[in-house]
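**Q** kindly return the folded structure for what I paste below:
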Amino acid sequence: MMTEAVGKKRINLMRLVQERELSKKAKEEERQPQNIIEQEQQQDTVVSYLPKDCVSNILIRMPTESLPKSMLVCKPWYNIITGSTFINSHFGRSESVLVFQKTLDEEHSNPPAPIILFGGPTPNRTKKVCTQFIEFREGTSRIGKYKISCSGKIRAACNGLLLIDNTSKKGGLIVLNPVTRKSTSLPVGTLSLSNAESYGFAYSDVTGDYKVVHLFRDELRHINCEILNVGAKFWKEVNGPALGLFGSLRCTAPVSSIGALHWIPQINHSDYLVSMELVNEKFHAVPLPKSCGTHDGILEMGGFLSFVTHEQPDIDIWILKGLHDEVWTKHHRISTCSVRSMVPMLSLKIGGDMIFKRKKDGSLHAYDFKLQLMRKVEGKVEEDIPSTSFPHVNSLVWWEKPKDVCD
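**A** Next up, the predicted model:
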């Protein structure tokens with residue numbers, strides 16, 4: 001009897017221990033979700049108290065192509081990336097690139113058909129326009145592609161915005177940021193032959209407006225001018241350049257610098273530029289320090305207008321800092337030695353190098369002003385660069401002025 005009583009006591013004791021263990025486990029399981037919620041709340045608290053400037057400094061160092069997706073992560077990030085402070089800071093850190101278009105053939109085979117012994121389905125070919133850019137870094141180049149479907153011809157570029165033909169409306173234009181893919185359509189201007197017109201696109205630091213300038217020849221071969229303020233979206237006639245200033249409108253695209261648009265008016269020989277001031281919208285001739293030859297050109301360089309001219313076997317670079325009471329000054333002489341027929345393409349905004357394209361083989365060369373050294377740019381891009389390309393900046397800029405949002 002005594003043995004049975006002891007055995008029952010032990011069994012009851014074991015049951016009690018097991019019940020306590022089960023109760024303890026149940027309580028731990030109940031606490032676990034609460035602990036997870038508390039941890040998440042703590043993390044949210046840490047993130048919410050991360051200073052806005054710190055987040056901005058992180059985002060601004062991200063690749064430009066990733067920023068449109070980053071702004072969709074949360075509302076605070078959206079407000080930072082779309083704010084004027086961030087956009088202006090990002091533009092100041094963005095390097096110059098060359099933007100161009102390339103036409104590609106796409107093959108679309110017919111639906112499957114029975115096997116034919118002496119032939120098969122004939123592929124249909126369609127043309128696809130691909131908008132690309134070349135970026136330069138430490139003596140190398142890389143080609144990037146924009147994820148845009150617009151197939152219109154690029155007419156001009158300014159501050160990261162492209163002026164493109166509107167293929168769905170004859171004579172219409174589109175202003176497009178290829179990074180953010182924001183676009184706006186512009187009204188149709190005066191229709192003219194493509195080989196008898198020239199478009200300029202520029203930003204006025206004085207008025208804060210983006211302007212499109214359209215030069216075209218009329219039936220009497222006179223050159224007329226109309227200007228569109230992108231914000232107002234209507235064309236207005238202005239007095240064009242004086243008769244005889246232009247020999248051809250197909251020479252080169254105008255360059256925006258020192259508050260004006262500048263054209264080289266002759267193809268092989270020109271002693272002056274034709275400039276139109278953005279504020280008063282008046283044309284006048286600007287004498288060049290020497291005649292402009294076939295491989296010479298003008299570029300925006302460090303905020304000023306540069307004239308790059310060949311003085312065989314060297315290349316001279318002249319600078320003009322303003323249109324009023326300013327004269328051309330020789331900035332630099334490049335000794336190219338054996339490398340000839342170098343066409344200036346762009347001046348890097350951050351790096352400071354000047355990029356040339358060799359006419360003979362299409363190779364790209366960069367001149368380092370600090371080292372006074374001309375060297376070939378590494379990268380197989382010769383076959384990808386068409387004759388028409390534009391200096392450009394991959395930016396978040398839009399023609400409407402952004403505002404900073406207070407969180």
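**Q** okay, now the unreliable bits of this structure?
**A** Applying pLDDT under 70 to the predicted model, the residue ranges of the chain that meet it are 1-19, 21-22, 25-49, 105-127, 194, 251, 336-340, 380-384, 403-407.
**Q** next, give phi and psi for P68.
**A** P68 adopts backbone torsions of phi -60, psi -30, taken as degrees, to the nearest 10.
**Q** right, and it touches T180 too?
**A** Yes - with contact defined as CB atoms under 8 Å, P68 and T180 form a contacting pair (5.5 Å). Just so you know, the C-beta spots here come from the backbone N, C-alpha and C atoms, and that holds for glycine as well.
**Q** and these two? Which one has more around it.
**A** Set P68 next to T180 and count neighbours by other CB atoms under 10 Å: T180 wins out with 19 against 16.
**Q** wait, T140 sits on A366?
**A** No - applying CB under 8 Å, one finds T140 not in contact with A366, separated by 9.7 Å.
**Q** residues shared between the contacts of these two?
**A** Applying CB atoms under 8 Å, 6 or more residues apart in numbering, one finds that T140 and A366 are jointly contacted by V377.
**Q** for the stretch 51-200 of the chain, what spans make up the helices?
**A** In order along the chain, the stretch 51-200 of the chain carries the following helices (DSSP state H, counting those that start in this stretch): 52-59, 67-70, 75-81, 84-93.
**Q** out of those helices, nearest to G172?
**A** Smallest distance to G172 across those (CB to CB): 25.4 Å, for helix 67-70.
**Q** tell me the buried residues in the closest one?
**A** Of the residues in helix 67-70, those buried under the neighbour-count criterion (16 or more other CB atoms under 10 Å) are L67, P68, S70.
**Q** contacts only, for the second one.
**A** P68 makes contact with V179, T180, R181, according to CB under 8 Å, 6+ apart.
**Q** now with 10 Å, please.
**A** I81, K147, N177, V179, T180, R181, K182, L396 (CB atoms under 10 Å, 6 or more residues apart in numbering).
**Q** now flag whichever of these is closest to Q132.
**A** Q132 has its nearest neighbour among these in K147, at 11.3 Å by CB to CB.
**Q** once you drop chain neighbours, what's closest to that closest one?
**A** R181 (7.2 Å; CB to CB, 6 or more residues apart in numbering).
**Q** find the nearest non-adjacent residue to S141, please.
**A** S141 sits nearest to G379 (CB to CB, 6+ apart), 3.7 Å away.
**Q** how many other residues sit next to that neighbour?
**A** For G379, the neighbour count with other CB under 10 Å is 18.
**Q** do a quick rundown of the strands in the stretch 251-400 of the chain.
**A** 255-257, 260-263, 270-277, 283-292, 297-301, 304-311, 314-320, 329-335, 342-347, 354-358, 364-368, 373-376, 390-393 (DSSP state E, counting those that start in this stretch).
**Q** correction: the stretch 51-200 of the chain
**A** 96-108, 124-137, 140-145, 154-158, 161-165, 173-176, 183-186, 197-203.
**Q** how about those, which one is nearest I317?
**A** With CB to CB as the criterion, I317 lies closest to strand 96-108 of these, at 16.4 Å.
**Q** before we move on, the earlier item: quick check: neighbours shared by P68 and T180?
**A** Common neighbours of P68 and T180 are listed as I81, L396 (criterion: CB under 10 Å, 6+ apart).
**Q** T207 reaches E277, doesn't it?
**A** No - between T207 and E277 there is no contact, the gap being 11.7 Å when judged by CB atoms under 10 Å.
**Q** quick check on the two: which one has the bigger neighbour count.
**A** Taking neighbours as other CB under 10 Å, T207 and E277 compare with E277 leading, 17 against 12.
**Q** list the residues that contact that one.
**A** Taking CB under 10 Å, 6+ apart as the definition of contact, the neighbours of E277 are S204, V206, I258, G259, A260, L261, F283, H284, L323, H324.
**Q** make CSV out of the helices of the stretch 51-200 of the chain and add distance to Q101.
**A** Formatted as CSV, the helices of the stretch 51-200 of the chain follow (distance: least, CB to CB, whole Å):
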stretch, distance to Q101
helix 52-59, 30
helix 67-70, 21
helix 75-81, 28
helix 84-93, 23
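**Q** could you pull up the residues touching L323?
**A** With CB under 10 Å, 6+ apart as the criterion, the residues that contact L323 are S257, I258, G259, A260, H262, S275, E277, H284, V286, L305.
**Q** list only buried entries from the residues you listed.
**A** Using 16+ other CB under 10 Å as the threshold, S257, I258, G259, A260, H262, S275, E277, V286, L305 are the buried ones among these.
**Q** list just the nearest of those to P402.
**A** Distances from P402 to the buried ones among the contacts of L323, taken as CB to CB, are shortest for G259 (23.0 Å).
**Q** give me the nearest residue to that closest one, chain neighbours excluded.
**A** In space, G259 comes closest to L278 once its chain neighbours are excluded; the distance is 5.6 Å by CB to CB, 6+ apart.
**Q** show the contacting residues for the one you found.
**A** The neighbourhood of L278, defined by CB under 10 Å, 6+ apart, consists of 200, 202-207, 209-211, 213, 227, 256, 258-261.
**Q** let's see it at 7 Å
**A** When the contact criterion is CB atoms under 7 Å, 6 or more residues apart in numbering, the partners of L278 are A202, S204, K211, G259, A260.
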